[in-house]
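> Sequence first, predicted model second:
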Amino acid sequence: MAIERNIVDFKSAMQDMIATSESATSTNVIKRVAVSTETTEDIQSIIDNGSAEQIIALSEKYVTNSGLYQRILIYFSTFLTNDIFIAPKKISNKTINQKKYLENYKKATFFADTILNPKLNFPNITFKILVYGAYYGLLIENNETEIVFKDLPQKYCRSRYKTYKNINVLEFDVSYFDSITTAVLREQILSEFPKEFKKAYLAFKKDSNLRWFTVPAEYGIAFYYHDQYKPFFISMIPTISNLSDYRSLEKSLDKQELERILVQKIPTDKEGNFILSIPEAAAMHQGVVNMLANNEHTDVLTTFAEITVANLGDKTKTDRDNLEKVERSVYTEAGVSRMLFASDSATSVDLSVKNDMSLILDICEQYVNWLTFQTNLRYSENSKYFFESSLLPISQYNKDKMTEQYLKVAEFGYSKILVGIASGIKQSSLVDLMELENEILSLNDILVPLQSSHTSSGSTTTDPSGKDSGRPAKNLDQKSDKTVANEESM
């Protein structure tokens, strides 16, 4: 017997079914959530056409909110060990007062590697260059052994010229002091600047055209890389924004894969008539919904019609492939290897580190030039000798290798100082340490070094049993990926 169909009852039952299983639709909606209020298109527009303030604000925002952006900037700014080497150079054959020469040498090395503290200050300066596009500051010297770096606000600084010694000339907008509305506080802040700043500010108050004060190179600091108004890695922010969107999408896809829909189709008799009435079907549906009420990942669908479920597997795989592509594009835009942070190939990481070394040395070359200028400003005798600063190409990744290289060079009679610096000893400490050990404590007579390849003439490497240990092991950069993989599996 055919069941009487009432369209009014059907509509009412369907509304009840939808209401009781509302989560069947709401939990499966994929929403894309961006990291910031700007879209990727907005970010790209700021980078291409925005003001310097907008671009710097964008970089500052992402270094705070994006762990990836911050990590890459920290990686580059802390890449080098910032070991300084000071080499004295004689200009002429004039007689030099050896005592005065040694005294100036010690003061120069102590100034360069300790007072200016490049191990602390250079990474900080590099990080600010990468975040803001430039670093502006003052070298405030209280006395011969007390010198500090005073950071200046980016908005009120610029650099357009260089000195004949290739030092960037800092210009400061003295209208900055007008932004300090309290007269007492303004006077206090002015007192913290060199006295020339107050003179420049008073001159500006009389003539507004004298807004920019050219800071003497002796204490003005201006460092930047290529473009002082655009951070070097700013172009990777749009790809980071895309990555955030795709990660949000992946999270939604992971959740979607947990979702299940229980489909119960109302059966029919041999003649094709439904064996349940609409109210009975609604009651059956509600019963199953109540049974699964505590299972948030399963929804119920009761239907009189045939149901076809589309397979979303291929779409999910495509979205995950796109996520991997976006992740790779972020590192590509930064010019670094993704393997640095998720390594699966030792040789590819080694090659990437070498490329990164060339970039950071290029950025730091201006520090070296500035350091040479500051050192000779105080301790050189221009007609007889001067001191040349160098930043050794030692990173956190090649320290052992460089120490070994300098040690081999020292075996041929070249500088032993480089070996000490590469080992972590400041150049300013080496002479005093050697004097203490050899002349005062006579450790060279008391402590006799063990026989090694550096104290013997033998050319064969042996193990403790006296047997030939074979060829020395290759360095990592000399091994193939296959060799590395075989060694790691042993």
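Okay, I see it. Residues are numbered from 1 along each chain as shown.

> Break this protein into its domains for me.
Using automatic domain parsing, the domains assigned to the chain come out as 7-33+237-334, 135-224, 398-449.

> Look up the closest residue to residue 189, ignoring the ones flanking it.
residue 180 (6.0 Å; Cβ to Cβ, 6 or more residues apart in numbering). Glycine gets a C-beta too; all of them are placed from N, C-alpha and C.

> residues near that neighbour, how many?
Burial measure for residue 180: 14 neighbouring residues, criterion other Cβ atoms under 10 Å.

> can you tell me how far it sits from residue 222?
Residue 180 is 23 Å from residue 222, where distance means Cβ to Cβ, to the nearest Å.

> One more: residue 433?
From residue 433 over to residue 222 the distance is 36 Å, taken as Cβ to Cβ.

> Settle it for me: which of the two has more neighbours?
Per other Cβ under 10 Å, whichever of residue 433 and residue 222 has more neighbours is residue 222, with 26 against 12.

> how close does that one get to residue 228?
Using Cβ to Cβ, one gets 8 Å for the distance from residue 222 to residue 228.

> again with residue 290
The spacing between residue 290 and residue 228, counted by Cβ to Cβ, is 68 Å.

> Which one's more surrounded, these two?
residue 228 (22 against 11).

> and the more buried one, helix, strand or coil?
Three-state assignment for residue 228 (DSSP: H, G, I helix; E, B strand; the rest coil): coil.

> what's the answer for residue 86, then?
Taking three-state DSSP as the rule, one finds residue 86 in the strand state.

> how near is it to residue 63?
Residue 86 sits 34 Å away from residue 63 when distances are taken as Cβ to Cβ.

> Please apply the same query to residue 217.
Distance of residue 217 to residue 63, given as Cβ to Cβ: 30 Å.

> cool, residue 177 as well?
Taking Cβ to Cβ as the measure, residue 177 falls 28 Å from residue 63.

> got the contact list for stretch 142-152?
Contacts with stretch 142-152, where a contact means Cβ atoms under 8 Å, 6 or more residues apart in numbering, come from 115-116, 121, 125, 128, 135-141, 170, 172, 192, 221.

> Ranking by neighbours, what's the top pick from those residues?
Counting by other Cβ under 10 Å, top hit in these: residue 136 with 27 neighbours.

> where along the protein do the strands fall?
With DSSP state E, the ranges of strands along the chain come out as 84-90, 134-143, 146-151, 157-162, 168-173, 212-214, 220-224, 260-265, 298-303, 385-391.

> So for stretch 90-101, what gets flagged as buried?
Of the residues in stretch 90-101, residue 96 count as buried by neighbour count, 16 or more other Cβ atoms under 10 Å.

> ugh, wrong one, I meant stretch 138-153
Judged by neighbour count using 16+ other Cβ under 10 Å, the buried positions of stretch 138-153 are 138-139, 141, 147, 149, 152.

> Ok, stretch 191-203 next?
Residues of stretch 191-203 classed as buried under the neighbour-count rule (16+ other Cβ under 10 Å) are 193-194, 197, 200-201.

> and residue 417, how far is that from residue 94?
Plainly put, residue 417 is 25 Å away from residue 94 if you go by Cβ to Cβ.

> send the alpha carbons of stretch 52-68 over as CSV?
Once non-C-alpha atoms are left out, stretch 52-68 reads as follows in CSV (Å, rounded to 0.1, in the frame of the first residue of the first chain):
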residue,chain,number,x,y,z
ALA,A,52,59.1,54.8,3.2
GLU,A,53,57.2,55.0,6.5
GLN,A,54,54.6,52.5,5.2
ILE,A,55,57.2,50.1,4.0
ILE,A,56,59.2,50.2,7.2
ALA,A,57,56.0,49.8,9.3
LEU,A,58,55.2,46.7,7.2
SER,A,59,58.6,45.2,7.8
GLU,A,60,58.4,46.1,11.5
LYS,A,61,55.0,44.5,11.8
TYR,A,62,56.1,41.2,10.2
VAL,A,63,59.3,40.9,12.2
THR,A,64,57.0,41.0,15.2
ASN,A,65,54.2,38.7,13.9
SER,A,66,55.9,36.3,11.5
GLY,A,67,58.3,33.8,13.1
LEU,A,68,59.6,33.0,9.6
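
> So which residues make contact with it?
35-36, 38, 43, 46-47, 50, 69-70, 73, 131-133, 154-155, 229-231, 233-234, 237, 240, 243-244, 330.

> Now restrict those to buried residues only.
Looking at these with 16+ other Cβ under 10 Å, the buried ones turn out to be 35-36, 38, 43, 46-47, 50, 69, 73, 131-133, 154, 230-231, 233-234, 237, 240, 243-244, 330.

> What is the least confident helix or strand in this protein?
Ranking every helix and strand in the chain by mean pLDDT, DSSP states H and E puts helix 23-26 at the bottom, with a mean of 37.

> hang on, isn't residue 386 packed against residue 89?
Yes - the pair residue 386 and residue 89 passes the contact test of Cβ atoms under 8 Å, sitting 5.7 Å apart.

> If you count surrounding residues, which of the two has more?
Taking residue 386 and residue 89 together and counting by other Cβ under 10 Å, residue 386 has the greater number of neighbours (19 against 9).

> Once you drop chain neighbours, what's closest to residue 420?
Leaving aside its chain neighbours, residue 420 sits nearest to residue 430 (4.8 Å; criterion: Cβ to Cβ, 6+ apart).

> count of residues packed around that neighbour?
17.

> Next: residue 158.
Counted with other Cβ under 10 Å, residues neighbouring residue 158 total 19.

> residues in contact with the nearest residue to it once chain neighbours are set aside?
For residue 158, the nearest residue in space outside its immediate sequence neighbours is residue 171; the separation is 5.1 Å by Cβ to Cβ, 6+ apart. Taking Cβ under 8 Å, 6+ apart as the contact definition, residue 171 lies against 157-160, 212-215.

> Residue 389 bridge partners, please.
In this structure, residue 389 has the following beta-bridge partners (DSSP bridges): residue 86.

> Looks like it contacts residue 86 (just checking).
Yes - applying Cβ under 8 Å, one finds residue 389 in contact with residue 86, separated by 5.8 Å.

> Overlap of the contact sets of those two?
When contacts are counted by Cβ under 8 Å, 6+ apart, residue 389 and residue 86 have 112, 375 as shared neighbours.

> what bits of the chain have low per-residue confidence?
When the per-residue scores of the chain are filtered using pLDDT under 70, the ranges that remain are 1-37, 244-266, 269-272, 274, 276, 281, 284-285, 287-289, 292-349, 449-490.

> max-length helix in it?
For the chain, the helix with the greatest residue count under DSSP state H is helix 346-379.

> can you pull the buried residues of stretch 43-59?
Of the residues in stretch 43-59, those scored as buried under the neighbour-count criterion (16+ other Cβ under 10 Å) are 43-44, 46-47, 50, 52, 55-56, 58-59.
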